[in-house]
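**Student:** dropping the sequence and predicted coords here.
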Number of protein chains: 2
Amino acid sequence: MKITPTDLRNVDVFKDAPLEDLDLLVEKSILRSIEEDGFFFFQGDPAAYFYVLLSGRVKLLQSNPSGQQVNLRTIKGWQVFAALGAIRPEALYPVTAQALEASAALAIESSFLHEMMQTRPYLNFGLMQLMTGYIQEMQVRYKELATERIDRRLALTLLRLASQIGTRIQEDSLVVEIPLSRQDLAEVSGSTMFTVSRTLADWERQGLIETGRERVVIRDPHGLVKIAEGLEAS
Amino acid sequence: MKITPTDLRNVDVFKDAPLEDLDLLVEKSILRSIEEDGFFFFQGDPAAYFYVLLSGRVKLLQSNPSGQQVNLRTIKGWQVFAALGAIRPEALYPVTAQALEASAALAIESSFLHEMMQTRPYLNFGLMQLMTGYIQEMQVRYKELATERIDRRLALTLLRLASQIGTRIQEDSLVVEIPLSRQDLAEVSGSTMFTVSRTLADWERQGLIETGRERVVIRDPHGLVKIAEGLEAS
DNA sequence: CGAACAATTGATCCTCATCAAACCTTGTGG
DNA sequence: CCACAAGGTTTGATGAGGATCAATTGTTCG
């Protein structure tokens, strides 16, 4: 895969970067390709690199002592991940990054980005925007997990995932596809495969969604919103 | 209450600030005093100010549509809150800030801080450190809430709170006091007053902690760690 | 001392996790 | 191109962990 400097303009954090910076970044970067189910890095590894995902999908996860996993975020093309390492170069990755499908990413040394930040205000701002977004999302998800029943949480999860990694199936329609397995959805919403399966089956009967192997299609987002807000029994 | 510029050196984000910046901040700031149970701001208000807490304790919370509350963070003296507004001046507060006891805070206009950030790298770095810390903590708490039983979560919560807002009761000892009610602890750990009460009563019988009205004293942190890690039945 | 409010304790119930077994889908190799 | 293996999904039965509700007890402060 060939990356030209201007490709990096697709990346939010670099959208205001001068061309010479983009040149530098491309020059200093390494291309890493990871097969399906492979890992970019593990929780606890030194945070040596910062990544820009070029193709595929990557999930950021944590697991608890008994091996149960939680999906904290799913990354798609032109999104960055492992940005925390750039802030504290001596840091360790707080999450594990696993490819959901064959993926390729640009790896940039954390220390190099850290250096650039000293003299590029646009970089600081971009990263802060990113981080405030993360904080707010995690706060909302925490609140949901602490206070809502699984059906509402799952509805909220699907809606959030639709906007983050969903792909519109037809032009000019709200119908969105989310390419995740029941297990994945359970790990995002804080539940189990079984409960997710049952709930989705219910919604499919109601015509709200369509399900398939490792796939959910949202037919009626508005209906899901009603469930999420508790206006409709589930 | 009188604040001198050098007092601001106690604030992590300002520890590397030159004296003239501290002067500016003090000059530009307003002192706000809030009585117990009063509010600094509500979720959804325009994020006009950034705060440095001088005295008292403040909790940052979100509530769900049915009014159930979640405590996302408790702030004590010389910690800052509402920093997100400084990044995006048009933003709304994503949380509500309520005083747990009579409190006083320095309020600094978000737009002013935002301006300062343009030319002060130390500020950017300080705020990023703060934000990465928030992200990591929220990720860990999310994982715990999604995967651990309430007894472990409560143990982890107590240990975390001890380091964040606990006060050592005797010099040279690990005995720490946490000044929160059962209800508060429930809202931090994602549970209910009743379950928290029962669990704490259990631990008191085992000699791990001591409880009182709106107060928990950790006598045996190591014992709590064992529960948190699941090495000990609860 | 009494009012207000925090904490406790018991009884009950409900949501959802767990386990087991069968079923479906996809891709591969003969 | 079919058959089979692998792995994702469904479904039912069961039970446990906590939430909820109600009533009582304890603590603090005016």
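**Tutor:** Nice, thanks for sending it over.

**Student:** stretch A:219-234 close to chain B?
**Tutor:** Yes - remark: stretch A:219-234 sits within contact range of chain B at A:229-230, by CB under 8 Å from any CB of the partner chain. Where you see a C-beta, it was placed from the backbone N, CA and C, and this is true even at glycine.

**Student:** same question, stretch A:15-31
**Tutor:** No - judged by CB under 8 Å from any CB, stretch A:15-31 stays clear of chain B, getting no closer than 13.7 Å.

**Student:** do the same with stretch A:143-151
**Tutor:** Yes - Stretch A:143-151 reaches chain B (CB under 8 Å from any CB) through A:143-148.

**Student:** please read off the pLDDT at A:Glu101 from the model.
**Tutor:** With respect to pLDDT, A:Glu101 has a value of 94.

**Student:** lowest-pLDDT helix or strand in chain A?
**Tutor:** Least confident helix or strand, chain A: helix A:84-87 with a mean of 86, by mean pLDDT, DSSP states H and E.

**Student:** now tell me what touches stretch A:8-27 from outside.
**Tutor:** Residues from elsewhere that reach stretch A:8-27, judged by CB atoms under 8 Å, 6 or more residues apart in numbering or on different chains: A:3-6, A:52, A:78-80, A:83, A:106, A:108, A:116, A:120, A:122-123, A:126-127, A:129-130.

**Student:** list the buried residues for it?
**Tutor:** Neighbour-count burial for stretch A:8-27, counted by 16 or more other CB atoms under 10 Å in any protein chain shown, picks out A:8, A:11, A:13-14, A:17, A:21-22, A:24-26.

**Student:** okay, and which of those residues map to helices?
**Tutor:** Using DSSP state H, A:21-22, A:24-26 are the members of the buried residues of stretch A:8-27 that sit in helices.

**Student:** now rank the residues of stretch A:143-151 next to chain B by neighbours and give me the top one.
**Tutor:** A:Ala146 (24 neighbours; other CB atoms under 10 Å in any protein chain shown).

**Student:** between the buried residues of stretch A:8-27, which is nearest DNA strand D?
**Tutor:** A:Val11 (30.5 Å; CB to the nearest atom of the strand).

**Student:** B:Asn10 versus that closest one, what's the distance?
**Tutor:** From A:Val11 across to B:Asn10, the span is 38 Å (CB to CB, to the nearest Å).

**Student:** can you pull the contacts of A:Glu137?
**Tutor:** A:Arg160.

**Student:** what helix or strand is it on?
**Tutor:** Element membership for A:Glu137 (DSSP states H and E) is helix A:121-147.

**Student:** before we move on, the earlier item: what subset of the contacts of stretch A:8-27 is buried?
**Tutor:** A:3, A:5, A:52, A:78-80, A:83, A:106, A:108, A:116, A:120, A:123, A:126-127, A:130.

**Student:** near chain B, from those residues?
**Tutor:** A:Leu127.

**Student:** what about A:Glu35, neighbour count?
**Tutor:** By other CB under 10 Å, neighbour count at A:Glu35 equals 10.
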